[in-house]
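give the three-dimensional model of this entry:
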Amino acid sequence: LRFAHPAAAAARRARTVVPHATSAGADALEERRLDVKTHEIFMPALSSTMTEGKIVQWLKKEGDRVNSGDIIMIVESDKADMEVEAFDSGFLASILTPEGGSADVGATVDSSPSP
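As a prediction, the model looks like this:
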């Protein structure tokens, strides 16, 4: 998932560590590293005068499947509360700005792996 913003970085690669049971049993775990392509969600500019936004509510939680067009959060701008939709499909990996938190326009508020 990502919100396109001119000043924002493109998709990035992240390493994810996944515990994996070995043939020796569940007590002997080994780590497998997976390359996961992620997209960042950025605080959108909802008006020409907006410099930061406050996340009023996340409508999706970490681990939820998100489809393009889904409303994922409600953001309070300098003018009104607005629903923000996803432009890409994927899973919500981690919320970096919690409900009630503020972020500058263009700042990363979430990181999500692609499907």
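
now do the SS call for residue 61.
Here residue 61 is recorded as coil under DSSP: H, G, I helix; E, B strand; the rest coil.

what about the residue lying closest to it once chain neighbours are set aside, distance to residue 108?
Of all residues not flanking residue 61 in the chain, residue 92 sits nearest, at 6.8 Å (CB to CB, 6 or more residues apart in numbering). No exception for glycine: its C-beta is placed from N, CA and C like everyone else's. According to CB to CB, to the nearest Å, residue 92 and residue 108 sit 13 Å apart.

more neighbours: which of the two?
residue 92 (23 against 17; other CB atoms under 10 Å).

I'd guessed the more buried one sits against residue 59; true?
No: with contact defined as CB atoms under 8 Å, residue 92 does not reach residue 59; the gap is 10.1 Å.

which residues do the two both contact?
Taking CB atoms under 8 Å, 6 or more residues apart in numbering as the contact rule, residue 92 and residue 59 both touch residue 72.

burial of residue 45, as a residue count?
18.

wait, it touches residue 105, no?
Yes: counting by CB under 8 Å, residue 105 is a contact partner of residue 45 at 4.6 Å.

and residue 54, helix, strand or coil?
Here residue 54 is recorded as strand under three-state DSSP.

who's in contact with it?
75, 76, 100, 101, 102.

distance of it relative to residue 74?
Taking CB to CB, one finds residue 54 at 10 Å from residue 74.

what bridges to the nearest residue to residue 76 once chain neighbours are set aside?
Of all residues beyond its chain neighbours, the one nearest residue 76 is residue 54 (4.3 Å), with distances taken as CB to CB, 6+ apart. Per DSSP bridges, the residues bridged to residue 54 are residue 76, residue 102.

and the pLDDT for residue 54?
Per-residue pLDDT puts residue 54 at 94.

what does residue 42 give?
If you check residue 42, the pLDDT there is 87.

please apply the same query to the one 4 residues further on.
Residue 46 is assigned 88 on the pLDDT scale.

mind checking the SS state of it?
coil.

was I right about it contacting residue 77?
Yes: using CB under 8 Å, residue 46 makes contact with residue 77 at a distance of 4.3 Å.
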